[in-house]
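Chemist: what shape does this take:
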Amino acid sequence: MANATRFPISLLTILLLLVPGLVALEIYYRRTGKQSKLSRIQWIVFSVLLSLLSLGLMYVLTPLYFQPLTEIIENISDSINIISESDIFSLSVPTLTSLYIIHVIITLLIGRIYGTVDDRWLNPDRVLDRRPPWQYAFDEANSEEVEVKLNDGTVIQGQFNEAAWDKDEHELYIEDPDEVEYKKGETVGEPVDLGRSILLKGSAITQVIFTKEDPDTEMNVEVEEIPVSIGEEIDEILHDYGEQEELSTFGEDGEEINEAENEENRDKN
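Modeler: Purely as a prediction, here's the structure:
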């Protein structure tokens, strides 16, 4: 019959290898602001590798520290009555649990320290918002107009509803949606009304455009268009009053009248 202690020992070994590495990875990503692209299996593999790497480094470097360290520890343990190996194996479960909690805390500190070093010295110029891009974009949107492009090329315009926004779900609730069609960068035909509202799944969305104009953006106006528009307005006013047909003829008519007056003055003289 199999030994009853084998399964708990194997499980404890797995936890000792897995948990510290998992916590270290989590602390690293939180501290640096990076977004993890690891799958669950990759998380497990990298966590085990981190723990094995730590144990491997300790083992390889034993010629440098093991002999003096053991002598120092034995002297200290004898002087201040630190627990011995035999005492460790006779410890109770609550005591072992407390020691393991201390082990986890030390792992947290390692992740924190490495994240601080990466943030302040290794990559000091990197400024990243800790929110994922999807959450960041819609947290900053204030119930404004959006254009959503779907996987099949469909483009939907509508009002993004901030009240219905859930940062944990990649879904968009759009009010007064219209389907529009673009050709060469310009809309074609009339928008198709899609009803009162529509719920779009994140998996179906390829692009979201926030169409609200930035109030801080300066408007670009072509200077040449200003006199043309003014001239068109004056032409309409002259048409309404029946004075003359085109503003452009005003200068020509004026010149003809002036020439006639000049000729009359010459004849009189």
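Chemist: tell me the average confidence for the top strand by length along the chain?
Modeler: Secondary structure of the chain per DSSP state E: the longest strand is strand 171-180. For strand 171-180, mean pLDDT is 90.
Chemist: could you dump that strand to PDB, C-alpha only?
Modeler: Presented in PDB, the C-alpha positions along strand 171-180 are these (Å, rounded to 0.1, in the frame of the first residue of the first chain):
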ATOM      1  CA  GLU A 171     -19.000  45.200 -24.000                       C
ATOM      2  CA  LEU A 172     -20.300  48.500 -25.400                       C
ATOM      3  CA  TYR A 173     -23.900  49.800 -24.900                       C
ATOM      4  CA  ILE A 174     -24.600  52.200 -27.700                       C
ATOM      5  CA  GLU A 175     -27.700  54.400 -27.700                       C
ATOM      6  CA  ASP A 176     -29.400  55.700 -30.900                       C
ATOM      7  CA  PRO A 177     -27.200  53.500 -33.100                       C
ATOM      8  CA  ASP A 178     -26.900  54.000 -36.900                       C
ATOM      9  CA  GLU A 179     -25.100  51.800 -39.400                       C
ATOM     10  CA  VAL A 180     -23.000  53.900 -41.800                       C
END
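Chemist: shaky segments in the stretch 51-200 of the chain?
Modeler: 83, 127-130 (pLDDT under 70).
Chemist: strands of that one, start to end?
Modeler: 145-150, 155-160, 171-180, 182-183, 186-187, 192-193, 197-201 (DSSP state E, counting those that start in this stretch).
Chemist: let me have those strands in TSV, extended by mean neighbour count and distance to Val208.
Modeler: Backbone N, C-alpha and C define where each C-beta goes, glycine included. Listed next are the strands of the stretch 51-200 of the chain as TSV, based on neighbours: other CB atoms under 10 Å; distance: least, CB to CB, whole Å:
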stretch	mean neighbour count	distance to Val208
strand 145-150	18	5
strand 155-160	19	9
strand 171-180	18	7
strand 182-183	10	15
strand 186-187	10	18
strand 192-193	10	19
strand 197-201	14	9
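Chemist: dump the ones you listed to JSON lines, plus distance to Pro133.
Modeler: Shown next, in JSON lines, are the strands of the stretch 51-200 of the chain (distance: least, CB to CB, whole Å):
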{"stretch": "strand 145-150", "distance to Pro133": "15"}
{"stretch": "strand 155-160", "distance to Pro133": "16"}
{"stretch": "strand 171-180", "distance to Pro133": "14"}
{"stretch": "strand 182-183", "distance to Pro133": "24"}
{"stretch": "strand 186-187", "distance to Pro133": "27"}
{"stretch": "strand 192-193", "distance to Pro133": "30"}
{"stretch": "strand 197-201", "distance to Pro133": "17"}
